[in-house]
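*Asks:* Predicted model, plus sequence, below.
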Amino acid sequence: MPEKLKTCAQLYWQFLTFGSFTFGGGWSIVAQMKDLYVDREKSLTDEELLDLTSIGRSLPGTMIGNIAMMFGHRVAGFIGGVACVFGMITVPMAVLLIITTFYTAFQDNLWVASAMRGVRTAVAPVILSALMRMIKSAFKVPPCYIVAAAMFALYFFLRVSCVWLVIIGAALGLLICEYYERVKKINVVA
Amino acid sequence: MLLLELFWSFVKIGFTSFGGLSMIPLISSEMISHGWMTASEVSDIVAIAEMTPGPLGLNCATFAGMRAAGILGAFVANLGALSPTFTLCFLAAIFFEHFKENKKLAQIMTGVRPACVGMVAGIVIELALVNYSDVNSKIHLPSLILGVVDLILLLKFKISIPVVILFSALIGVIMFGVIGV
């Protein structure tokens, strides 16, 4: 048991350092995992990391949280996974708690409010630019465009809850793949 | 009770989001419908979460939780957002070999990914409508121009997101603070 505890403490620390240097998405953590576990420690292969990543992406929740959980579980069971996840979020959470405190205190200050008004003009462009990168992997077959357009309309005009939209998207995904397999004899996900 | 509501909100957000970006429309509708935040504040979270280390979705949870119910709220929101990780993903880790070959999962994602694109496109327009208008809901031209400049910096000149946000903050101070447009 002390051995396992030591492993968990080590995992916690490693993911704490990974978590301190990520900006935006979780991909920089995947890069740091590759650097440490694949290239230096050689305790993980490239292919295994790729498997972790692709499953992590296909499960609900934060991609990198899922990857951390599965990696930690591999090394030291459930507790190992929890150690990785909590390690990863410790620093970002502390930083954000401080910032949020200041934000709340100075929200109405003229200079802070002016800066935030400027920042808000950047938010739609920032999300839009990230969306452009997402688009490449999102449209595997033409009907996917119809799914995107329909979900947009349901979300924006009819105010359908996002929970339903994701469930409908999942059902349509199964339907589309099944159709391509049976009628067109094409395996979409291969 | 507030903590429980917050937790449940983020459980819903966690289980129906795939990747940080797709969390934004979910967080926006949950926060606004509960009255925990305004549309402008949702924009602020996205900007702040992009500027600080850590995954976008969890940073949003920390900010939103803290705003709604203090530090405890931040913890609870994070736990909620991570609930699929501690349950579904834990199962996936146990049956890893089985999951690796699972075709159904990839088929589901074939539909979920474009659905997320549609929702995120919706939230972009929603936030743009709020951020580029003045108090009387008329288009505020200086804001719109700054937004277009930001988009060009991001897409054409490939300037990194934190730099573009800092740039906008600086222009904001000059435009709204000094000049007072």
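*Replies:* Arrived safely.
*Asks:* For chain A, give me the ranges with low pLDDT.
*Replies:* Chain A contains residues with pLDDT under 70 at A:1, A:23-25, A:190.
*Asks:* In it, where's the longest helix?
*Replies:* helix A:63-106 (DSSP state H).
*Asks:* residues of the next helix or strand after it that come out buried?
*Replies:* Note on helix A:63-106: by DSSP states H and E, the next helix or strand toward the C-terminus is helix A:110-138. For helix A:110-138, burial by neighbour count (16 or more other CB atoms under 10 Å in any protein chain shown) applies to A:112-131, A:134, A:138. Placement of C-beta: from N, CA and C, glycine included.
*Asks:* Also stretch A:29-48?
*Replies:* Within stretch A:29-48, judged by 16+ other CB under 10 Å, the buried ones are A:29-30, A:32-34, A:37-38, A:44, A:48.
*Asks:* The helix or strand that contains B:Asp150 and chain A, any residue contact?
*Replies:* Assessed by DSSP H and E, B:Asp150 sits inside helix B:141-155. Yes: Helix B:141-155 is in contact with chain A by CB under 8 Å from any CB of the partner chain, via B:143-144, B:146-147, B:150-151, B:154-155.
*Asks:* just stretch B:60-68 next, same as before
*Replies:* Yes: judged by CB under 8 Å from any CB, stretch B:60-68 and chain A are in contact via B:62-63, B:66-67.
*Asks:* can you tell me which of those are in helices?
*Replies:* B:62-63, B:66-67.
*Asks:* what sits against residue 77?
*Replies:* Chain wasn't specified; assuming chain A. Each residue near A:Gly77 by CB atoms under 8 Å, 6 or more residues apart in numbering or on different chains is listed here: A:Lys4.
*Asks:* try chain B instead
*Replies:* Applying CB under 8 Å, 6+ apart, the residues contacting B:Ala77 are B:6-7, B:9-10, B:61-62, B:64-65, B:68.
*Asks:* quick one: pLDDT of it?
*Replies:* Predicted confidence (pLDDT) for B:Ala77: 95.
*Asks:* sorry, back to before: just the angle for the helix holding B:Asp150 relative to helix A:110-138, thanks.
*Replies:* 40 degrees (axes from the mean of the first three to the mean of the last three CA atoms, to 10 degrees).
*Asks:* buried residues in helix B:141-155?
*Replies:* So helix B:141-155, judged by 16+ other CB under 10 Å, has buried residues B:142-143, B:146-147, B:149-151, B:153-154.
*Asks:* can you check stretch B:25-42 too?
*Replies:* Neighbour counts using 16+ other CB under 10 Å place B:25-31, B:36-37, B:39, B:41-42 of stretch B:25-42 among the buried residues.
*Asks:* chain center to the helix or strand hosting A:Gln32, what's the gap?
*Replies:* Using DSSP H and E, A:Gln32 maps to helix A:27-33. Taking CA atoms, centre = their mean, to the nearest Å, one finds helix A:27-33 lying 12 Å from the centre of the chain it belongs to.
*Asks:* And stretch A:139-152, by the same measure?
*Replies:* For stretch A:139-152, the distance to the chain centre is 21 Å (CA atoms, centre = their mean).
*Asks:* can you list contacts of that stretch?
*Replies:* Taking CB under 8 Å, 6+ apart as the rule, stretch A:139-152 contacts A:138, A:165, A:168-169, A:172-173, A:176, A:179-180, A:188-189, B:110-111, B:113-115, B:117-119, B:121-122.
*Asks:* please redo it, this time with the cut-off set to 7 Å
*Replies:* Stretch A:139-152 has contacts (CB atoms under 7 Å, 6 or more residues apart in numbering or on different chains) with A:138, A:165, A:169, A:172, A:176, A:180, A:188, B:110-111, B:114-115, B:117-119, B:121-122.
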